[in-house]
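[1] let's see this in three dimensions:
(one chain, ligands or ions: 1)
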Amino acid sequence: MQHSVGFKNGFIRINPPGFIYLCETQKYLDRLRKFEVRDDDIWICTFPKCGTTWTQEMVWCLMNDLDFKTAKTIDLDERMIFMEQISIEKEASAEVFPDTIKLASEQPSPRIIKTHLPFTMLPDQIRTKKRARRLCISRNSRDVCVSLYHHWKLLEGFNGGFDLWSRLFLEGYSGYYSPFWRHVESYYVSEYDNIIFLKYEDMKKDLRSNINSVTTFLGCKSRTEDEKTQLEEHLSVKNFKSCPTLNKANFVEHMENIGSSNSEHGVGFVRKGIVGDWVNYFTEEMSAKFLEQDIELFNQFNPQD
Ligand code: A3P
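    Just a heads-up that it's a prediction; the model follows:
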């Protein structure tokens, strides 16, 4: 276990494949690896802050006949399982969290499962159950860096400045799930057919065509233009910010109550929801270093902004 600069808690690096996790995660690795995958599973796989929640809600609505009423009544976190959540909840909070691995195994099909695990740490059966569908969402590395900075301030009490943060991100020490580029690469190089790659920037530019391609990918009923407009409105940042089932206000409050937060007042889980906020944070020199990583590791995957 290593103490990580700026964080209250230490982390571990799991080798191979070399990703950073909370120490508790070790206890669950075997169960995660042996989890039984089903052919009709839908896995939403992302590095944190790439547009996970946004995509989860789109997929849930498409798979549930655009049931906005339920979407506005039941928390997204209750409607969809976060696979490894059991392994990242804080023991210190002395609260009993649901065993998400068990819950996922008991869920009726078709299951929709959210995970931030890199491809190399997904259950073994993901390699044999080739019909299980995967949706991967990526985002401009500099915007991910800014968004994750606020995220860890909010949830893990990160107490350094942005200059330190961007260096940690670049060097692969930016909290659990990092390093970012290696994480995205793990999916990019995975050799499976049933996978769709979405980009945050494309969804911002043209949500409707992304709704269309996800509808086709999932084999869902096609929707009228009116229904698509309703879905777009439901998926807007404005709605996400104000909707209690989507903005994770209770969860954020809980983290504040257990003393885990170090965020400016009013910064919520759904923050700005824009493309290019990085210009307000990055020096030219640091921006160039991030671009170098983008080009080196996944040139094809780097959204134009
Ligand atoms: P910012 O911090 O840049 O605003 P994730 O769900 O993977 O944690 O991603 C969170 C990022 O997505 C945050 O980015 C958040 O504001 C943004 N986001 C959340 N809901 C959104 C929506 N409906 N439309 C666009 N962006 C959204």
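
[2] from now on I want contacts and neighbour counts done on CA atoms only, so please keep to that.
    Noted.

[3] all strands of this structure, in order?
    With DSSP state E, the ranges of strands along the chain come out as 2-3, 10-14, 19-22, 42-46, 81-82, 112-115, 133-138, 195-199.

[4] switch those strands over to a markdown table; also include mean neighbour count, mean pLDDT and distance to the ligand.
    Below are the strands of the chain laid out as a markdown table (neighbours: other CA atoms under 10 Å; pLDDT from 0 to 100; distance: least, CA to the nearest ligand atom, whole Å):
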| stretch | mean neighbour count | mean pLDDT | distance to the ligand |
| --- | --- | --- | --- |
| strand 2-3 | 10 | 62 | 24 |
| strand 10-14 | 18 | 87 | 20 |
| strand 19-22 | 21 | 91 | 17 |
| strand 42-46 | 24 | 97 | 7 |
| strand 81-82 | 19 | 96 | 12 |
| strand 112-115 | 22 | 98 | 10 |
| strand 133-138 | 23 | 95 | 8 |
| strand 195-199 | 18 | 94 | 11 |
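
[5] of all those, which one is nearest residue 75?
    strand 81-82 (11.1 Å; CA to CA).

[6] follow-up on the earlier one: reformat the strands of the chain into JSON lines and put distance to residue 163 next to each item.
    Formatted as JSON lines, the strands of the chain follow (distance: least, CA to CA, whole Å):
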{"stretch": "strand 2-3", "distance to residue 163": "19"}
{"stretch": "strand 10-14", "distance to residue 163": "20"}
{"stretch": "strand 19-22", "distance to residue 163": "20"}
{"stretch": "strand 42-46", "distance to residue 163": "25"}
{"stretch": "strand 81-82", "distance to residue 163": "31"}
{"stretch": "strand 112-115", "distance to residue 163": "29"}
{"stretch": "strand 133-138", "distance to residue 163": "23"}
{"stretch": "strand 195-199", "distance to residue 163": "26"}
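
[7] of all those strands, which one comes closest to residue 100?
    strand 81-82 (6.6 Å).

[8] centre of the chain to the closest one, how far?
    Distance of strand 81-82 from the chain centroid (CA atoms, centre = their mean, to the nearest Å) equals 11 Å.

[9] near the ligand, which residues of the stretch 201-305 of the chain are found?
    235-237, 240, 270-274 (CA under 6 Å from any ligand atom).

[10] who wins for neighbours among those?
    Of all those, residue 240 has the most neighbours under the rule other CA atoms under 10 Å, reaching 22 neighbours.

[11] my guess is that one meets residue 271, correct?
    No - using CA atoms under 8 Å, residue 240 is not in contact with residue 271; the gap is 9.7 Å.

[12] count the residues that sit near the closest residue to residue 111 other than its chain neighbours.
    Closest residue in space to residue 111, ignoring its immediate chain neighbours: residue 41 at 5.1 Å, by CA to CA, 6 or more residues apart in numbering. Residues near residue 41, counting by other CA under 10 Å, number 18.

[13] look up how far the ligand lies from residue 41.
    20 Å (CA to the nearest ligand atom, to the nearest Å).

[14] list phi and psi for that residue.
    phi -70, psi 150 (degrees, to the nearest 10).

[15] and it, what does it touch?
    109-113, 132-133 (CA atoms under 8 Å, 6 or more residues apart in numbering).

[16] try residue 35
    Contacts of residue 35 by CA under 8 Å, 6+ apart are 101, 105, 123-125.

[17] any quick ChimeraX command for the buried ones out of those residues?
    The ChimeraX selection below is limited to those of these classed as buried (16 or more other CA atoms under 10 Å):
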select :101,123,124,125
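
[18] which parts of the stretch 1-150 of the chain sit against the ligand?
    48-54, 147.

[19] what is the nearest of those residues to residue 248?
    So of those, ranked by how close each gets to residue 248 (CA to CA), first place is residue 53, at 10.1 Å.

[20] not counting residues beside it along the chain, what's closest to the closest one?
    Using CA to CA, 6+ apart, the nearest residue to residue 53 is residue 246, at 7.9 Å.

[21] and the one you found, what does it touch?
    Neighbours of residue 246 in contact, by CA under 8 Å, 6+ apart: 53, 72, 75-76, 240.

[22] which of the residues you listed sit farthest apart?
    Farthest pair in the contacts of residue 246, by CA to CA: 53 and 72, 14.2 Å.

[23] of the two, which one has the most company?
    residue 53 (22 against 14).

[24] okay, the most centrally placed residue in the chain: pLDDT?
    In the chain, the C-alpha closest to the average C-alpha coordinate belongs to residue 48, at a distance of 3.6 Å (CA atoms, centre = their mean). Residue 48 is assigned 97 on the pLDDT scale.

[25] any idea how far residue 221 is from it?
    29 Å (CA to CA, to the nearest Å).

[26] one more: residue 258?
    Residue 258 is 44 Å from residue 221, by CA to CA.

[27] residue 227 too?
    11 Å.
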